[in-house]
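1. Requesting a structural model of the entry that follows:
(chains A and B)
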Number of protein chains: 2
Amino acid sequence: MTRYLLERPHTLISLAFFAKRFESAKSSISEDLGILRRTFMIRGIGVLETLPGAGGGVIFTPGISKKEATEFIEETSKRLVEPSRILPGGYLYLTDLLAEPNLLRTIGRMIATQYSQSSIDVVMTVATKGIPIAQSVASFLNIPFVIVRRDSKITEGSTISVNYASGSSDRIEKMELSKRSLEEGSRVLVVDDFMKGGGTINGMRSLISEFNAIFVGATVFAENIKMDQELRDKNVTSIFKVENIDTNNKIIRIEPGDYLSKTDFSYFE
Amino acid sequence: MTRYLLERPHTLISLAFFAKRFESAKSSISEDLGILRRTFMIRGIGVLETLPGAGGGVIFTPGISKKEATEFIEETSKRLVEPSRILPGGYLYLTDLLAEPNLLRTIGRMIATQYSQSSIDVVMTVATKGIPIAQSVASFLNIPFVIVRRDSKITEGSTISVNYASGSSDRIEKMELSKRSLEEGSRVLVVDDFMKGGGTINGMRSLISEFNAIFVGATVFAENIKMDQELRDKNVTSIFKVENIDTNNKIIRIEPGDYLSKTDFSYFE
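-> As a prediction, this is how the structure comes out:
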């Protein structure tokens, strides 16, 4: 039952279904769900909610507690400041972190917590490094994700494209999305690995408008603090802020982003 | 305990750890593990193995039974032949399928089953559409994944690149991988969404040799059957075979690939 619920978040499952599947009385299913509810709560896995009545059942909403999220940010910050992460040009190497199943799972659960009450229909990201984050968030919200691409591929069918100003390079670039991959009116959550100038996220916002869909918000793994705070999009949340990369002295300064202050954890405490 | 094990596959966990975490006697932990073992077995989730002795504990190996894998292939085949999947040029639209959390989870579990006894260190794929598959397989094997790219990005640091012949286009293309992302001697499993000429997978094999790592095998979601069967790499497994796409009559013919015959399910039955 635990595994069945964990794999089907945000889905109403009737007690009758469990009773049939496990060949048990509804009353003992209900008792077991009571135990699971407390365990999920204590361990910070998420909330198991029972809806009464004929059309009722149980819904599992995965989430993280503020305590666990805070600890994760502290632990991961220590790894982010390892001097070997400094790349030529003052860039930060993140590829290894964003390829660890456990780290991706926690980030997915954190972002899913932030938007757990926002009725998101689809997660959007841009190729390439945002994809693992999008997949993880989508799996916790139990919704599909779409990948915006900078290059057109024949296997996508017809696409809609927008031009956007890449803040980091002052270039105009193009991004596109397969026409059939996003429905009109969909509520879209944007995720990405890194925000530098915010141009990529702006591009995705334009693309969402082109599809007559709704931009609900965006959350990135890390952002570059040097960005003009006046111009910074208030709908964007970051988990980490890169304050400074001192290439000469090999010192990286990382601060927590605004994720903790912008997320309402009350449902999961 | 169920969730803890599900999230840490292929990891030895001592009974003492569980006893401390759940404030229970080792004997009752051991009893509960017995129940979990039977449940995991019956539901086809995977195998829970207990290693005795002082350095012992319990290891969870996720896997799928042949029955569930066969049913998944049958069900998914029905979706693959929907005429609306035909794209101009006789291509097959798969993007929506490879963005569904549940489908990705099952594919990940299937490929993880095939290589569960092969001591894989890392999963490799090429951007873009192979990434969700790689992430899912990596999460079930509890190992990292690496993404080979066709375009160089400054945030990858220095890279090693190879040229390869793209079978579908008769072009020579370049693919590259960040130098620090693959260790010498690593045992590598390659996954991808689609194999047409096999050139991309050959490219990844060359790249693996350049890193002095070991290519263990490759599994793709679908392959194009038109490929010369003599030249076809025997180390590549496919879950689906696209037999024919008749663009005039809007008929797609899909067959199961060689996944079922190449996979040893005996550990998971």
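
2. List the buried residues for the helix or strand of chain A at the bottom of the mean pLDDT ranking?
-> Ranking every helix and strand in chain A by mean pLDDT, DSSP states H and E puts helix A:26-43 at the bottom, with a mean of 86. Buried residues in helix A:26-43, counted by 16 or more other CB atoms under 10 Å in any protein chain shown: A:29, A:33, A:36-37, A:39-40. Quick note: C-beta positions are derived from backbone N, CA and C, even for glycine.

3. and if you look at stretch A:143-162?
-> Buried residues in stretch A:143-162, counted by 16+ other CB under 10 Å: A:143-150, A:155-157, A:159, A:161-162.

4. Repeat that for stretch A:257-269.
-> Residues A:257-259, A:263, A:265, A:268 are the ones in stretch A:257-269 that count as buried (16+ other CB under 10 Å).

5. Could you pull out the helices in the stretch 1-150 of chain A for me?
-> Per DSSP state H, counting those that start in this stretch, the stretch 1-150 of chain A carries helices over the ranges A:2-7, A:15-21, A:26-43, A:66-80, A:101-114, A:131-141.

6. Any chance you could list what contacts the fifth one?
-> Here helix A:101-114 makes contact (CB atoms under 8 Å, 6 or more residues apart in numbering or on different chains) with A:9, A:62-64, A:69, A:72, A:76, A:97-98, A:132-133, A:135-141, A:189, A:191, A:217, A:219, A:221, A:237, A:239, A:259, A:262-265, A:268, B:7-8, B:135, B:138-139, B:142-144.

7. same question, the last one
-> Contacts to helix A:131-141, defined as CB under 8 Å, 6+ apart, come from residues A:9-10, A:62, A:98-99, A:104-105, A:107-109, A:111-112, A:115-116, A:120, A:122-125, A:144-145, A:147, A:189, A:191-193, A:221, B:99, B:101, B:104-105, B:128, B:131-132, B:135-136.

8. about what we covered before: hmm, who's touching the least confident helix or strand of chain A?
-> A:1-2, A:5, A:15-16, A:18-19, A:22, A:45-48, A:50, A:58, A:60, B:3.

9. Please repeat the previous calculation with a cut-off of 7 Å.
-> Helix A:26-43 has contacts (CB atoms under 7 Å, 6 or more residues apart in numbering or on different chains) with A:1-2, A:15-16, A:18-19, A:22, A:46-48, A:50, A:58.

10. And the strands in chain A?
-> A:46-51, A:57-62, A:86-87, A:91-92, A:122-126, A:145-148, A:159-166, A:171-178, A:187-195, A:214-224, A:236-246, A:251-256 (DSSP state E).

11. Let me have those in a markdown table, extended by distance to chain B.
-> Formatted as a markdown table, these follow (distance: least, CB to the nearest CB, whole Å):
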| stretch | distance to chain B |
| --- | --- |
| strand A:46-51 | 10 |
| strand A:57-62 | 10 |
| strand A:86-87 | 5 |
| strand A:91-92 | 5 |
| strand A:122-126 | 9 |
| strand A:145-148 | 5 |
| strand A:159-166 | 11 |
| strand A:171-178 | 6 |
| strand A:187-195 | 8 |
| strand A:214-224 | 11 |
| strand A:236-246 | 12 |
| strand A:251-256 | 14 |
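
12. would you list those in CSV and tack on distance to B:Ser181 and mean pLDDT?
-> Conversion of these to CSV gives the following (distance: least, CB to CB, whole Å; pLDDT from 0 to 100):
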stretch, distance to B:Ser181, mean pLDDT
strand A:46-51, 32, 89
strand A:57-62, 29, 92
strand A:86-87, 13, 92
strand A:91-92, 15, 90
strand A:122-126, 20, 97
strand A:145-148, 21, 96
strand A:159-166, 24, 89
strand A:171-178, 25, 90
strand A:187-195, 15, 97
strand A:214-224, 17, 97
strand A:236-246, 20, 95
strand A:251-256, 19, 96
